[in-house]
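Peer 1: Next one to model:
(one chain, ligands or ions: 2)
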Amino acid sequence: MTTTLVADIGLLVTHDEERPERERAALVIDGGVVAWVGDARDAPAADRRVDAAGACVIPGFVDSHSHLVFAGDRADEFEARMAGRRYEAGGIRKTVRLTRDATDEQLLARATSLVAEMRAQGTTTVEIKSGYGLTVADEARALRLARTLTAETTFLGAHVVPAEFAHDRDAYVELVVGEMLAACAPSARWIDVFCETGAFTAEESRRILSAGAAAGLGLRVHAGQLGESDGVRLAVELGAASVDHCTFLSGADVDALAGSDTVATLLPGVEFSTRQPYPDARRLIDAGVTVALASDCNPGSSFTSSLPFCIAVAVRELGMTPAEALRAATLGGAAALRRDDVGHLRLGARADLIVLDAPGYVHLAYRPGVPLVRQVLSAG
Ligand code: NIG
Ligand code: FE
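Peer 2: Residues are numbered from 1 along each chain as shown. Ligands and ions are numbered 1, 2, ... in the order given. You can find the predicted model right below:
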C-alpha cells in the first residue's frame, strides 16, 4: 500500500476537536485514510510526495444536495426571473418532459460531466436525487444511473405531482409509496419529499416519508423554500437527517431544529438564482442548529456545481464567518448525510482533501469567482 506525504502545508484544516486548524503542517495518507498529522518539520518519509508549497489544505467538500440526473436546461426561466418573474415549482415539469425523452447514455453523460465539474471545484462526496422521471421506470432509471456515480442516492419521486396525475394527486401519492418506492429502494439510500405549496402537503409528505422509512431508507426533506411550511417540524419529528432550503423559518421551526439532530441545509445558489431573500444562517447557528451548505445543483432553481461559490455567498449574504461556511460545506454536509468518515481530516478519515491556490480558506469568500482549487485528492 503506497503512502503519500502532503508536505509544506501553510494552513491545514482538520476539524479536529482539540485543534481544528494548524499552521506549517504536514499530513500522511496510508491506504486512502489520514494516518498522520503533525508539524511540517516532523513529517515522516513516504512513497509519494504532494508539495502544498505553503498553501492552505482543507477537507474535500461534501455536497449533500443535488439533482444531477436530468436533460436540457431552463436558461429561459432564469432570464425571465432576472427580469422580475417569480420562481415556481411548476418549472420542474419541463425538465421532467425532457428527462423522460432522453436516453440512459445522454443522462449518464450529463450527470458524469457535472460530477467532474464539482470535483474540479473540490467536491469529493456528492448526494444525487432522482425526481425528474416521476414514473416507476424513469425514477428507477435515474437512481440506477446515479448509483454508478455515488453511494449517496436519494429517491425523490415526490418532487411534484406530474402533469398526467394533475387531477388525481392521491393516485400519484399511492404510486410513490407503492410500486415506485419498491422499484427505487434497491438503488437508494435516502428518500426525500418537496413539502411546499405547489408540491406536496405535510400530510402527503408524512405518508411518503413514513413509507420510505419502512422500506429502510433514511429521510431528507425539502421545506421552507417558498414560504414557511410544516415540513420543517415534520422532518424533525420523523428524525430526518436533514431539512433543506430553510429559507423561511418560524421561531418554532428554529427551536425544533435546535433540539434535534436534524441538520438545516442551506442552498444559497437557490436564492441567488431565484432572486429570493437569503436564509438566515446566523439565527440558526446562534440557536445551536447544525448547518450544512450545499449546491442544490439542478437546471431550475440553482444551476451551480460550485461549493466555493456557495461559501462566498454564504459569507456575504447569510451571516456566516468564513470558518463557519467552510465547516458547513464539509463537516455540515457530512452530518447531513450521517457520515463520519468524510468532511474532516482527523486520523482515520477518508483522505479527501483540497490543496487551495491560496494561503487560507478565507480566500474562498474573499476572492469570489476565482478558481482556487489547485489539487483534489480523493481517498489519497
Ligand atoms: O431543490 N425545490 C425543489 N426542487 C428543486 C428545484 C428543482 C427545479 O426547479 O427543477 C430545488 O430547488
Ligand atoms: Fe433540491
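Peer 1: Can you name the residues of this protein that neighbour ligand 1?
Peer 2: Within the chain, the positions lying close to ligand 1 (CB under 6 Å from any ligand atom) are Gly91, Ile92, Thr95, Phe194, His222, Gln225, Val270, Asp296, Asn298, Pro299, Gly300, Ser301. The C-beta positions use only the backbone N, C-alpha and C, and glycine is treated the same way.
Peer 1: switch to 8 Å and redo it
Peer 2: 65, 67, 70, 74, 87, 89, 91-92, 95, 131-132, 156, 159-160, 194, 196, 199, 222, 225, 244-245, 267, 270, 296, 298-302 (CB under 8 Å from any ligand atom).
Peer 1: In strands only, show me the residues you listed.
Peer 2: Counted as lying in strands by DSSP state E, out of these, are Leu156, Phe194, His222, Asp244, His245.
Peer 1: Most neighbours among the residues you listed, please name it.
Peer 2: When neighbours are taken as other CB atoms under 10 Å, the top entry among those is His222 (31 neighbours).
Peer 1: check contacts around the closest residue to it other than its chain neighbours.
Peer 2: In space, His222 comes closest to Phe194 once its chain neighbours are excluded; the distance is 4.3 Å by CB to CB, 6 or more residues apart in numbering. Taking CB atoms under 8 Å, 6 or more residues apart in numbering, we find Phe194 in contact with Ala89, Gly131, Leu156, Ala158, His159, Val160, Phe200, His222.
Peer 1: mind checking pLDDT for Phe194?
Peer 2: pLDDT for Phe194: 98.
Peer 1: next one: the one 3 residues further on
Peer 2: You'll see Thr197 listed with a pLDDT of 91.
Peer 1: How about the one 10 residues further on?
Peer 2: What the model reports for Arg207 is a pLDDT of 98.
Peer 1: Please verify my assumption that it contacts Gly178.
Peer 2: No. Assessed by CB atoms under 8 Å, Arg207 is found out of contact with Gly178, at 11.2 Å.
Peer 1: between those two, which one's more packed in?
Peer 2: Arg207 (18 against 12).
Peer 1: Quick check: the gap between the residue of the stretch 251-380 of the chain found nearest ligand 1 and Leu143.
Peer 2: Residue nearest to ligand 1 within the stretch 251-380 of the chain (CB to the nearest ligand atom): Gly300, separated by 2.2 Å. Distance of Gly300 to Leu143, computed by CB to CB, to the nearest Å: 20 Å.
Peer 1: swap in Val115?
Peer 2: According to CB to CB, Val115 stands 15 Å off from Leu143.
Peer 1: ok, longest helix in the chain?
Peer 2: The single longest helix within the chain, with elements called by DSSP state H, is helix 104-120.
Peer 1: what's next to that helix, contact-wise?
Peer 2: By CB under 8 Å, 6+ apart, helix 104-120 touches 63, 66, 68-71, 99, 126, 128, 141-142, 145-146, 148-150, 295, 297, 305-307, 373, 376, 378.
Peer 1: next helix or strand past it?
Peer 2: Per DSSP states H and E, the first helix or strand lying C-terminal to helix 104-120 is strand 123-129.
Peer 1: Quick one: work out the angle between that next one and helix 104-120.
Peer 2: If you take axes from the mean of the first three to the mean of the last three CA atoms, to 10 degrees, strand 123-129 sits at 140 degrees to helix 104-120.
Peer 1: So which elements touch strand 123-129?
Peer 2: With contacts taken as 3 or more CB pairs under 8 Å, 6 or more residues apart in numbering; DSSP states H and E, strand 123-129 sits against strand 61-63, helix 104-120, strand 152-158.
Peer 1: other SSEs contacting whichever helix or strand comes after the shortest one?
Peer 2: Towards the C-terminus, the helix or strand next in line after strand 61-63, according to DSSP H and E, is helix 75-82. Packed against helix 75-82 by the contact rule (3+ CB pairs under 8 Å, 6+ apart) you find helix 268-274.
Peer 1: hmm, back to that, show the contacting residues for the residue of the stretch 251-380 of the chain closest to ligand 1.
Peer 2: Each residue near Gly300 by CB under 8 Å, 6+ apart is listed here: Arg74, Glu77, Tyr87, Gly91, Ile92, Thr95.
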